[in-house]
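>>> Requesting a structural model of the entry that follows:
(chains A, B, C and D)
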There are 2 protein chains.
Amino acid sequence: MGMEEKIMESKNISPAVIKRLPRYYRYLGDLLKLGIDRISSKDLSEKMQVTASQIRQDLNNFGGFGQQGYGYNVEYLYNEIAKILGLDKDYNLIIVGAGNLGTAITNYTDFAKRGFYIRKAFDVKPELIGKKIGEIEILGMDSLPDFIKNNQVDIAAITVPKEIATETATKLVKCGIKAIWNFAPVDLRLPKDVIVETIHLSDTLMRLSYSLKNKTSK
Amino acid sequence: MGMEEKIMESKNISPAVIKRLPRYYRYLGDLLKLGIDRISSKDLSEKMQVTASQIRQDLNNFGGFGQQGYGYNVEYLYNEIAKILGLDKDYNLIIVGAGNLGTAITNYTDFAKRGFYIRKAFDVKPELIGKKIGEIEILGMDSLPDFIKNNQVDIAAITVPKEIATETATKLVKCGIKAIWNFAPVDLRLPKDVIVETIHLSDTLMRLSYSLKNKTSK
DNA sequence: TAGATTGTTAATCGATTAACAATC
DNA sequence: TAGATTGTTAATCGATTAACAATC
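Residues are numbered from 1 along each chain as shown, chains lettered A, B, ... in the order given. Sure, this is the predicted structure:
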């Protein structure tokens, strides 16, 4: 039994659970900063506005991190979730598209705190090539294949205009990129060994206008 | 029966459905641009990689937009979804926090195409006040209450550092803001008549690292 | 008309919540 | 030890898919 468990490490965690993990991590980080060293699922559930049952159910997908009668040790749980999320190692990122959004993300130093290091930015525009965003150099798109070949790049962010997002993604995949952080408002259809996370900014705006409409009509 | 329907306009649409609407809108927009004027749920389902059943089920929450034996008229459906999403009117936005992210969003002209107009940006930093982002003026935070009083502001984007995000949100609500587009990595707890859409950028990054980890271990 | 495809009901699947025995 | 709280099973709830009669 113990052996079988070891073999099939990842026993199909539901997407709903995975989506909640970063939120747990955030709340536990806050508790840690407040110097709180233990918490019960009930107390945490009140803070997070979810059920205690869900918290216990979620965490038990990955192991029994708590202790009956005591609750969860905050620091321990925080670190365990970090491990589950893969935050115990560093990641090298490149930004493809050094426009406004690409620049904003490159300048956003919070990501580095969690181990996500932006190493280079790329753009087609000749006037941008050679310039820097903070400490980060902008290279031409021609330099992309060589850079990826000679450096370990874990994640590529796509911040190019939507018209060229798909071809950019294809190019990245051809260069061997296995994870894409996509900010273009398109659904990338890529080989299934390539991981894609898309941020659809305009979708969230539309949901806002939907909610606004269905509130005032009330 | 017809009367009853009229009375209770919004018969509790599930959040899952609402979340999918912008995606339908996007695909229909693409079809429209391609000059395609009709589509069946089956064909659309193949393009979107969902079931035809789900498409029909989703759309029928809002009315029967299709025709048996024919399918859906692309332009009609596109416009209907626009109406459902509230995209048939314009919205005035302000950006609170004129840092990198605020600047990026202010410069992102695509939103204006959908009727979301950014009118002003606000920041505390004296050196930014009076400057412009493209055409958009940056005002000091002191000017915020008066501006909101004298102008219709539908949506406020929060792009300030997370440390001051909560107090910024509270301030906005006090000024009468009813919809917040939040980019700070915090969960805003506001009166329930205030709509909040949060974009947790770092959460998406963590999901990427989770997936990367659970792929390579395979 | 015959074929196609919707709108809608019923069946299934998955995710959340409740309950409680195990145990610290 | 008694009280607290977990881990986990069972019950419920909601969302997705299948099926098909209605109808263009």
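>>> Distance-wise, check residue A:76 relative to DNA strand C.
13 Å (CB to the nearest atom of the strand, to the nearest Å). The way it works is simple: take the backbone N, C-alpha and C, and place the C-beta from them, glycine included.
>>> does that residue really touch residue A:65, like I thought?
Yes - in this structure, residue A:76 is within contact of residue A:65 by CB atoms under 8 Å, at 6.8 Å.
>>> Can you work out which residues contact both of those two?
Here residue A:76 and residue A:65 share no contacting residue, scored by CB atoms under 8 Å, 6 or more residues apart in numbering or on different chains.
>>> can you give me phi and psi for the closest residue to DNA strand C within chain A?
DNA strand C sits closest to residue A:69 of chain A, with a gap of 2.5 Å, by CB to the nearest atom of the strand. Main-chain torsions, residue A:69, degrees, to the nearest 10: phi 80, psi -10.
>>> burial of it, as a residue count?
6 (other CB atoms under 10 Å in any protein chain shown).
>>> again, but for residue A:113
Residues lying near residue A:113 (other CB under 10 Å) number 8.
>>> ditto for residue A:152
8.
>>> Report the contact partners of it.
residue A:92.
>>> and the strand or helix carrying residue A:56, which residues are buried?
Secondary structure from DSSP states H and E places residue A:56 in helix A:52-59. For helix A:52-59, burial by neighbour count (16 or more other CB atoms under 10 Å in any protein chain shown) applies to A:55-56, A:58-59.
>>> now swap in stretch A:166-186 and tell me
A:166, A:168-169, A:171-173, A:177-186.
>>> filter the residues you listed down to the ones close to chain B.
A:178-179, A:181, A:185 (CB under 8 Å from any CB of the partner chain).
>>> With secondary structure added, can I get these in JSON lines?
Shown next, in JSON lines, are those (DSSP: H, G, I helix; E, B strand; the rest coil):
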{"residue": "A:178", "secondary structure": "coil"}
{"residue": "A:179", "secondary structure": "strand"}
{"residue": "A:181", "secondary structure": "strand"}
{"residue": "A:185", "secondary structure": "coil"}
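>>> now those in JSON lines, with distance to DNA strand C and pLDDT?
Listed next are those as JSON lines, based on distance: CB to the nearest atom of the strand, whole Å; pLDDT from 0 to 100:
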{"residue": "A:178", "distance to DNA strand C": "24", "pLDDT": "97"}
{"residue": "A:179", "distance to DNA strand C": "22", "pLDDT": "98"}
{"residue": "A:181", "distance to DNA strand C": "23", "pLDDT": "98"}
{"residue": "A:185", "distance to DNA strand C": "25", "pLDDT": "95"}
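>>> Could you export those as a markdown table, including distance to DNA strand D?
Supplementary listing: these in a markdown table, determined by distance: CB to the nearest atom of the strand, whole Å:
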| residue | distance to DNA strand D |
| --- | --- |
| A:178 | 26 |
| A:179 | 25 |
| A:181 | 24 |
| A:185 | 21 |
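>>> tilt between the longest helix anywhere in chain A and helix A:52-59?
Ranked by residue count, the top helix of chain A under DSSP state H comes out as helix A:15-33. Here the directions of helix A:15-33 and helix A:52-59 differ by 100 degrees (axes from the mean of the first three to the mean of the last three CA atoms, to 10 degrees).
>>> Point out the other helices and strands that helix A:15-33 packs with.
helix A:41-48, helix A:52-59, helix A:74-85, helix B:201-216 (3 or more CB pairs under 8 Å, 6 or more residues apart in numbering or on different chains; DSSP states H and E).
>>> In terms of secondary structure, what does the third one contact?
This points to helix A:74-85. Using 3+ CB pairs under 8 Å, 6+ apart: helix A:74-85 touches helix A:15-33, helix B:201-216.
>>> Please report how far the nearest residue to residue A:91 once chain neighbours are set aside lies from residue A:108.
Once flanking residues are discounted, residue A:91 sits nearest to residue A:154: 4.3 Å by CB to CB, 6 or more residues apart in numbering or on different chains. As judged by CB to CB, to the nearest Å, residue A:154 and residue A:108 stand 17 Å apart.
>>> quick one, which of these two is more surrounded?
residue A:154 (20 against 17).
>>> tell me the contacts of the more buried one?
Neighbouring residues of residue A:154 by CB under 8 Å, 6+ apart: A:91-93, A:178-179, B:212.
>>> what's the answer for residue A:156, then?
Per CB under 8 Å, 6+ apart, neighbours of residue A:156: A:93-96, A:172, A:177, A:179-181.
>>> What of residue A:130?
By CB under 8 Å, 6+ apart, the neighbours of residue A:130 are A:137-138.
>>> swap in residue A:23?
A:48, B:187, B:200, B:203.
>>> tell me which of those is nearest to DNA strand D?
residue A:48 (12.9 Å).
>>> give the contact list for the closest residue in space to the closest one that isn't next to it in sequence.
Counting by CB to CB, 6+ apart, residue A:48 lies nearest to residue A:27, which is 5.7 Å off, once chain neighbours are set aside. By CB under 8 Å, 6+ apart, the residues touching residue A:27 are A:44, A:47-48.
>>> before we move on, what about residue A:52?
A:40-42, A:44-45 are the contacts of residue A:52 under CB under 8 Å, 6+ apart.
>>> how about those residues, which pair is most distant?
Farthest pair in the contacts of residue A:52 (CB to CB) is A:40 and A:45. Separation: 8.6 Å.
>>> what's the burial count for the residue nearest to residue A:186 when sequence neighbours are not counted?
For residue A:186, ignoring the flanking residues on the chain, the nearest one in space by CB to CB, 6+ apart is residue A:165 at 4.9 Å. By other CB under 10 Å, 23 other residues sit near residue A:165.
>>> Go ahead and confirm residue A:165 touches residue A:189.
No - contact criterion CB under 8 Å: residue A:165 and residue A:189 do not qualify, at 11.5 Å.
>>> how about the residue nearest to residue A:51 when sequence neighbours are not counted, what does it touch?
Closest residue to residue A:51 apart from its sequence neighbours, by CB to CB, 6+ apart: residue A:45 at 5.7 Å. Contacts for residue A:45 (CB under 8 Å, 6+ apart) come out as A:51-52, A:54-55.
>>> Of those residues, which fall within the contact range of DNA strand D?
residue A:52 (CB under 7 Å from any atom of the strand).
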